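Student: structure, please.
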Amino acid sequence: MGTALVYSEKYLQHRPGQGHPERPERLEAIVGALKRAKLWGEPNTKVIEPALAKRENIELAHDAEYIALVEKLSSFEKPLDVDTSVRKNTFELAMLAAGGAIDAGRAVLSGEASNAFALVRPPGHHAGRNRGGGFCYFNNLAVMVERLKREFKLKRIFILDIDAHHGNGSQDIFFNDPSVLYMSLHQDGRTLYPGTGFVDELGAGEGEGYTVNVPFPPGSGDAEYAGVMRELFVPLTREFKPELIAVSAGFDALADDPLTQLGLTTQAYGWLTSCVVEQANRLCGGKVVLTLEGGYALKLLADAAVNVVKVLVGQELEPPQESRRLPVIDELKKKLASYWRLEQHLKIVHTCV
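Tutor: Predicted coordinates for the structure are as follows:
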């Protein structure tokens, strides 16, 4: 079935303003690198032109009043906040980004593709039920998840958010929802926007225990991420048994990203994807969908995206030689002990880390 890449040149029309880090060149760099690596189109990948999301699908993740606000701001070109400008075409392009995520998920769940990567702009994971910000208008991945839950009767979806910024919008949308286990790997909110995503944010109501935040200290890199994937991601997925793993694929945890202070290598994005794919193969027939979020160092961003797609099409990338345990792992294990039996799953050997 292969890998689906969802993309439209219309995404390049999203122009937040001169000097803005979330610029069209990000997506141009990724597409160019994939083409040079012969990962664009047959026989390795299938490129899908997305359709606009229907308003009723956006309303699955966002309040109708907020959607109307974004539409109104587009007509007047008034910003959502100081970092999130709005143009005449913003509303339509945000609908197209959400539609691209839906099409990626639908390709995988329908059997058209083994896995998929939605190369969409604008990004989405900072957009909550009734607010946007952080370059985001509608939460592309959340809209996709809510649509797939209804269309394919899914009961359990695991979201892994690897953007360096905490996905406060995704957390807001799924905070009370036990059908979605949301796990975010991000730079400590005391040092980076949006200032959220701490270990005691565990969900609420029926969703208590289904939000897992892993804040990394600045300077963390491959070894620290390997420790978290081995001791938290792998056992959580094994116990939750998802029917789909969805990834908010932010590339701003790379070293030299101008907005963050983490230190992942471009190879790390390959083995992180390998770990996700391995767990998906074990638990849910390999069903993996990624949506593009942040990442602003163009050359590194493009190289990392190529490594991700290489893994999606079946190539193997070696995990890091070293795994380093952060204190936050033990802190989280204590907090999660009431909800998950993580230790018993650590005894199982995995190749991803």
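Student: in this structure, which residue is closest to the centre?
Tutor: By C-alpha atoms, centre = their mean, the mean C-alpha position of the chain lies nearest to residue 248, the distance being 0.1 Å.
Student: tell me the SS of that residue?
Tutor: The three-state assignment at residue 248 reads strand, by DSSP: H, G, I helix; E, B strand; the rest coil.
Student: not counting its neighbours along the chain, what's nearest it?
Tutor: Using C-beta to C-beta, 6 or more residues apart in numbering and skipping the chain neighbours, the partner closest in space to residue 248 is residue 161 (4.0 Å). C-beta coordinates here come from the backbone N, C-alpha and C atoms, glycine included.
Student: check contacts around the one you found.
Tutor: Going by C-beta atoms under 8 Å, 6 or more residues apart in numbering, residue 161 touches 125, 167, 170, 182, 183, 184, 185, 186, 247, 248, 250, 293.
Student: give the phi and psi angles for it, as a check.
Tutor: Phi and psi for residue 161, reported as degrees, to the nearest 10, are phi -110, psi 110.
Student: before we move on, what about residue 159?
Tutor: Dihedral angles of residue 159 (phi, psi; degrees, to the nearest 10) stand at phi -110, psi 120.
Student: so it touches residue 182, yeah?
Tutor: Yes. Counting by C-beta atoms under 8 Å, residue 159 touches residue 182, with 4.7 Å between them.
Student: shared neighbours, these two?
Tutor: Counting by C-beta under 8 Å, 6+ apart, the residues touching both residue 159 and residue 182 are 170, 174.
Student: list of residues touching stretch 143-153?
Tutor: By C-beta under 8 Å, 6+ apart, the surrounding residues in contact with stretch 143-153 are 53, 57-58, 60-62, 98, 101-102, 104-106, 109, 118, 124, 154, 157, 159, 174, 179-180, 244, 246, 289, 291.
Student: buried stuff in that stretch?
Tutor: By neighbour count on 16 or more other C-beta atoms under 10 Å, the buried set for stretch 143-153 is 143, 144, 145, 146, 147, 148, 149.
Student: got a ChimeraX select line for the buried ones in the contacts of residue 161?
Tutor: Buried residues among the contacts of residue 161 (16+ other C-beta under 10 Å), as a ChimeraX selection:
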select :125,167,170,182,183,184,185,186,247,248,250,293
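Student: closest one to residue 4 out of the contacts of residue 161, please.
Tutor: For the contacts of residue 161, the minimum distance to residue 4 (C-beta to C-beta) is 14.2 Å, reached by residue 247.
Student: nearest spatial neighbour of the closest one, skipping sequence neighbours?
Tutor: residue 290 (4.3 Å).
Student: phi first, then psi, for residue 157.
Tutor: Per-residue torsions, residue 157: phi -130, psi 130 (degrees, to the nearest 10).
Student: now do the contacts for it.
Tutor: With C-beta under 8 Å, 6+ apart, residue 157 has these contacts: 145, 148, 149, 179, 180, 181, 242, 243, 244, 245, 246.
Student: who wins on neighbours among these?
Tutor: Counting neighbours by other C-beta atoms under 10 Å, residue 246 comes out on top of those with 30 neighbours.
Student: and that residue, how far is that from residue 323?
Tutor: Look at residue 246 and residue 323: by C-beta to C-beta, to the nearest Å, they are 25 Å apart.
Student: what's the first-to-last distance across stretch 54-61?
Tutor: End-to-end distance for stretch 54-61: 12 Å, by C-alpha to C-alpha, to the nearest Å.
Student: buried sites along it?
Tutor: Within stretch 54-61, the residues that count as buried by 16+ other C-beta under 10 Å are 57, 58, 60, 61.
Student: end to end on stretch 210-228, go ahead and measure it.
Tutor: End-to-end distance for stretch 210-228, by C-alpha to C-alpha: 17 Å.
Student: what's the spacing between it and its chain's center?
Tutor: Relative to the chain's own centre, stretch 210-228 is displaced by 15 Å; criterion: C-alpha atoms, centre = their mean, to the nearest Å.
Student: and it, what's buried?
Tutor: Buried-residue list, stretch 210-228, by 16+ other C-beta under 10 Å: 210-216, 220-228.
Student: before we move on, back to that, please tell me how far the residue nearest to residue 248 sits from residue 336.
Tutor: Distance check for residue 161 against residue 336: by C-beta to C-beta, it reads 17 Å.
Student: which one of the contacts of residue 161 is nearest to residue 234?
Tutor: Among these, and counting by C-beta to C-beta, the member closest to residue 234 is residue 183, at 11.3 Å.
Student: tell me if the closest one really is in a strand.
Tutor: Yes. Under three-state DSSP, residue 183 sits within a strand.
Student: ok, it touching residue 166?
Tutor: No. Using C-beta under 8 Å, residue 183 is not in contact with residue 166; the gap is 11.4 Å.
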